[in-house]
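Q: Mind folding the following:
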Amino acid sequence: MRHQLFLFDLDDTLLDFKASEQLSFVRTLQALGISGDMTALFLQYQTINLALWRAFETGSVSKDFLKVERFRKTFMENGLELDPEAASRLYLESLSDTVVLIDGAVQLCATLAAAGEVGIITNGVEAIQNQRILKSGLRDYISFVATSEACGYAKPDVRFFEYAAQMARPFVKEQAIIVGDRLDADILGANRYGIESCWFNPERVANTSEAVPTYEASSLHDIIRLLA
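A: Now for the predicted structure:
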């Protein structure tokens, strides 16, 4: 195998973050006394949360602000007199313990770890991501975890990838590849840093962005074949 360093995004690439996120959101609001169907409320929260993450990735807001603001804004827009700081704390505690693996994640990481080095590159909260990796059963195959929180810069900023490269044992651009689901963070970041990439695209959506992946896979099981 030509590649020796495999840099994986975590959420919605190896772990099903959408499933974990919805379950944690429901548990949080139940703990705060809300009951009933929360589907519409969760979808609204997702829209607010996504906009705040985009703002964080451009440096417009801090991660600490984001963690609370997504709940404050959701509650305010729905007339809910709930404590956003308490919601943020409960949500993050639940998220750490709520792990859903994407099919093929363990086999893929085990195979690639035997061929080289596997690292995680994530814009998520460091303590939560480390806990989720531990609970996922992937920890034995992962050499290091690079987070935007520890780095101070987020994907697709080149400085984040420079930070991650320093954590790898050897680092040779020609032997490294980034695997992720987000064109605007993972693939664009790889393009800017000058290394190959594999876009994990299970929904087979069209690429209308400026990002150009080297490979594309709709299943984690396909990636080993693509890289062989």
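
Q: what's the longest helix in the protein?
A: Looking across the chain with DSSP state H, the single longest helix is helix 39-57.

Q: Provide a list of residues in contact with P202.
A: D181, S218, S219 (Cβ atoms under 8 Å, 6 or more residues apart in numbering). Using the backbone N, CA and C atoms, a C-beta is placed for each residue, glycine as well.

Q: So it, which state does it fall into?
A: coil (DSSP: H, G, I helix; E, B strand; the rest coil).

Q: What separation do you get for it and D103?
A: Distance of P202 to D103, computed by Cβ to Cβ, to the nearest Å: 9 Å.

Q: Need the overlap of contacts for the two.
A: Looking at what touches both P202 and D103 (by Cβ under 8 Å, 6+ apart), the common residues are S219.

Q: hang on, the earlier thing: which one (most neighbours) among the contacts of P202?
A: Tallying neighbours with other Cβ atoms under 10 Å puts D181 at the head of those, with 20 neighbours.

Q: So that residue is in contact with D12, correct?
A: Yes. With contact defined as Cβ atoms under 8 Å, D181 counts as touching D12 (4.6 Å).

Q: Common neighbours of the two, please.
A: By Cβ under 8 Å, 6+ apart, the residues touching both D181 and D12 are F200.

Q: Three-state assignment for the nearest residue to H3 once chain neighbours are set aside, please.
A: Of all residues beyond its chain neighbours, the one nearest H3 is I177 (4.8 Å), with distances taken as Cβ to Cβ, 6 or more residues apart in numbering. State at I177, reduced to three classes by three-state DSSP: strand.

Q: Do a quick rundown of the helices in this protein.
A: Counting by DSSP H, the helices of the chain are 17-31, 39-57, 63-77, 84-97, 105-115, 126-136, 148-151, 158-167, 188-193, 221-227.

Q: Please point out which parts of stretch 22-39 sit buried.
A: Going by neighbour count (16 or more other Cβ atoms under 10 Å), the buried part of stretch 22-39 is Q22, L23, S24, F25, V26, R27, T28, L29, I34, M38.

Q: Stretch 143-154 now?
A: Of the residues in stretch 143-154, those buried (16+ other Cβ under 10 Å) are V145, A146, T147, S148, E149, C151, Y153, A154.
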